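1. fold the following, please.
(2 chains)
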Amino acid sequence: MSLEVFLTALKAAIPAGTPLLLGTLGEIYAERSGVLNLGVEGMMIMGAVTSFGMTLSTGNPWLGLAMAALVGGLMALIHAFLSITLRANQVVSGLALTMFGLGMSGMLGKKYIGTPLPCRLRATPIPLLKDIPFLGPILFQHDALVYLSLALVPILWFVLFKTKVGISIRSVGEAPATADAMGVNVFLVRYLCVLFGGVLAGLGGAYLSIVYAPAWIEGMTAGAGWIVIALTIFAMWSPTRALLGAYLFGGVKVLQYRLQPLGISPNLLNMLPFIFTIIVLLAGTREVIRERIGAPSALGVPYAREEK
Amino acid sequence: MRLKVEKRLTTPRWVSVATPTLSLALALLIIALVFWGYGVDPLVAYKRIFSGAFGSLYGLSETTVKAIPLLICGIGLAIAFKALVWNIGAEGQLLIGAIAATWVALYALPHAPALVLLPCMFAAGFIGGAIWGLIPAVLKAKFRANEVITSLMMVYIASELVNYLVYGPWKGAEEWGFPYSAKFPPTAQLPRLGNTRIHYPTLLIALVLAVLAYILLMKTKLGYEIRVTGSNPEAARYAGMSYFKTILLVMLISGGLAGLAGVGEVAGIHHRLRYPQGISPGYGFTAIIVAWLGRLNPLAIVLTSLLFGGLLVGGDALQVALGLPMATTNIFNGVILFFVLGGELLTRYKIAVKWTGSKGGER
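-> Prediction:
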């Protein structure tokens, strides 16, 4: 493979991986606080449909993004209420959120099927940076949401590991009773983290429908939300590793398109990302066990204050 | 006055029956609001659903037809969920069952008499579904890989496998442009009840399985081990129960049962392999709710599967009459599940009203 082909593939992998990166960064925060949210697929698709509708009716993709963030957050609050306040089973609650999102988006989006989007979010190359050899064309000739997600990686890493807020989040996910005794508001921290996860998942979904492939197709997330859940484990709950995982998946998606003209059945190629998800999950789980990092100890366990 | 949430030590029987009923009613109320917001008169919509599903002999028979795969998958899922093994992949296991049955009917034993062929198809379907379920089980037991994700990924893979077969090597010669396999020989088609589409051998299998699963879970040592593994894995390990064995076993059973459901669909309804959504409109996913709403009790699941079979039939009627998209049934699934989950709080905790207002000053 020539260098140029490799570079264009690399450049294409970034937008393909961006919705996954956004979703994974959000899920990392939710899970770090101890709440497993399997509703990512539902939040993403609701973000996709509402941002498409908003962009179509206002002609402003930024309003579309804001709408997706809002709706993603609202969806996440349903899960937060059920799993944090009512202490319901988080696996089932997340599944319910996904089903609800798939259903609602199908209903809301019915009138958008086949409608082209006249005003998508366009690429805005960054002056100066875009001229750096190799790195410039790969990293700095994308749209604003790619830059936002890239910027979020170090910011979220810093907040999680180097600030007091990060300590609160991690302590709530590891030992909520102790955190509570230290004066951390366990419920508030968990609510905010789940909410943040929903906002990012909504933006990830919006990226699909108003940037990456500007159109509304029913069920267009096609499992991206579930790949996010696997990537969160692969990332070992760290924002920096999420970047690696998400772009790796972007690469697989690019590969899938590149292999199509070679005469391999598209159905078999469609299996690639899902087989790869299982492999990535195994690799992640293995490393988590070997390095004894482990999932947040209280992940999936509702917290109840001891009755006095 | 102050509300206090207290843990229940025992759950009165009326509470455990009233709660799911009340949850269901509230869910239907919220869905009515969704319909109303969409510009559809909720009363008209519900009337359509009810009359479509239960209002005629035809509706009732179709409700039964759709309840069959829900029941079989739901029983299997209940067994897995009891052990807290989250098999989310029944949909894929069902599809693999359908593939296995098709292979037997068209390629392995096409000339066998019905009495040999049909049991072989069911056996192959069970094995196929069980293998598809065992893959996530082994990955969980050996490598601790989260089974929610792996079993779900196996759904997507199974679905693409069906597509590959019906668009590629198994495409029927006389099916024109449709993504269908060739038609099954008459010996590979299950008998039906009168003019309906009720393939009664599968229905009988489903009902027998419900009773057997109830006995397995409630009356046998194995069932006890499954329940203990689910409620207290530490204690189970301490008592010498093999976690590994239990995971494999429940996934084998629930995968195998979903496979049987797939056999029923192709041998009883379609008489061929079709594109995945043509075989199952998400039975494997709806069965998760069917199992949960039936509180993982196989006998209660008989009722909940009929209820959701009715919702699917009614949902179809709604699509035709009011032009709502196929995905609308997913709204039902999601909202009902929300309320059932929320309602469970009432069975585990009681909300006591304490009148502290007047006595407050005396202390």
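
2. quick one: pLDDT of the residue nearest to A:Gly225 when sequence neighbours are not counted?
-> Among residues not flanking A:Gly225 along the chain, A:Glu41 sits closest, at 2.7 Å (CB to CB, 6 or more residues apart in numbering or on different chains). (Glycine included, C-beta is placed from N, CA and C.) Note on A:Glu41: pLDDT of 96.

3. A:Glu41 sits in which helix or strand?
-> helix A:40-58 (DSSP states H and E).

4. residues from the stretch 201-308 of chain A in reach of chain B?
-> For the stretch 201-308 of chain A, the residues in contact with chain B (CB under 8 Å from any CB of the partner chain) are A:218-219, A:223, A:226, A:229-230, A:233, A:265, A:267-268, A:270-271, A:274-275, A:277-278, A:281-282, A:285-286, A:289, A:307.

5. can you flag the buried ones in the residues you listed?
-> A:218-219, A:223, A:226, A:229-230, A:233, A:267, A:270-271, A:274, A:277-278, A:281-282, A:285 (16 or more other CB atoms under 10 Å in any protein chain shown).

6. residues touching whichever residue of the stretch 201-308 of chain A sits closest to chain B, list them.
-> Chain B sits closest to A:Asn267 of the stretch 201-308 of chain A, with a gap of 3.8 Å, by CB to the nearest CB. Neighbouring residues of A:Asn267 by CB atoms under 8 Å, 6 or more residues apart in numbering or on different chains: B:Glu160, B:Leu161, B:Asn163, B:Tyr164, B:Tyr167, B:Gly168.

7. so among those, which ones count as buried?
-> By 16+ other CB under 10 Å, those give B:Glu160, B:Leu161, B:Asn163, B:Tyr164 as buried.

8. do you know how far the spatially most central residue of chain B is from B:Glu91?
-> The residue lying closest to the centre of chain B (CA atoms, centre = their mean) is B:Ala287, at 1.6 Å. B:Ala287 sits 8 Å away from B:Glu91, going by CB to CB, to the nearest Å.

9. now do the shared contacts for these two.
-> Shared contacts of B:Ala287 and B:Glu91, defined by CB under 8 Å, 6+ apart, comprise B:Ala258.

10. can you tell me which residues contact the closest residue in space to B:Ile49 that isn't next to it in sequence?
-> Nearest residue to B:Ile49 in three dimensions, chain neighbours excluded: B:Gly314, at 3.0 Å (CB to CB, 6+ apart). By CB under 8 Å, 6+ apart, the contact set of B:Gly314 is B:Arg48, B:Ile49, B:Phe50, B:Gly52, B:Ala53.

11. quick one, what contacts A:Gly53?
-> Contact analysis of A:Gly53 by CB under 8 Å, 6+ apart lists A:Gly64, A:Met67, A:Leu108, A:Gly109, A:Tyr112, A:Trp216.

12. which one (most neighbours) among these?
-> Within those, neighbour counts (other CB atoms under 10 Å in any protein chain shown) peak at A:Gly64, which reaches 29 neighbours.

13. list the buried residues of the host helix or strand of A:Glu4.
-> Using DSSP H and E, A:Glu4 sits in helix A:3-32. Neighbour counts over helix A:3-32 (16+ other CB under 10 Å) mark A:9-10, A:12-32 as buried.

14. burial count for B:Arg13?
-> Other residues lying near B:Arg13 total 8 when counted by other CB under 10 Å.

15. before we move on, what about the one 4 residues further on?
-> Residues lying near B:Val17 (other CB under 10 Å) number 13.

16. retrieve the pLDDT associated with it.
-> Per-residue pLDDT puts B:Val17 at 75.
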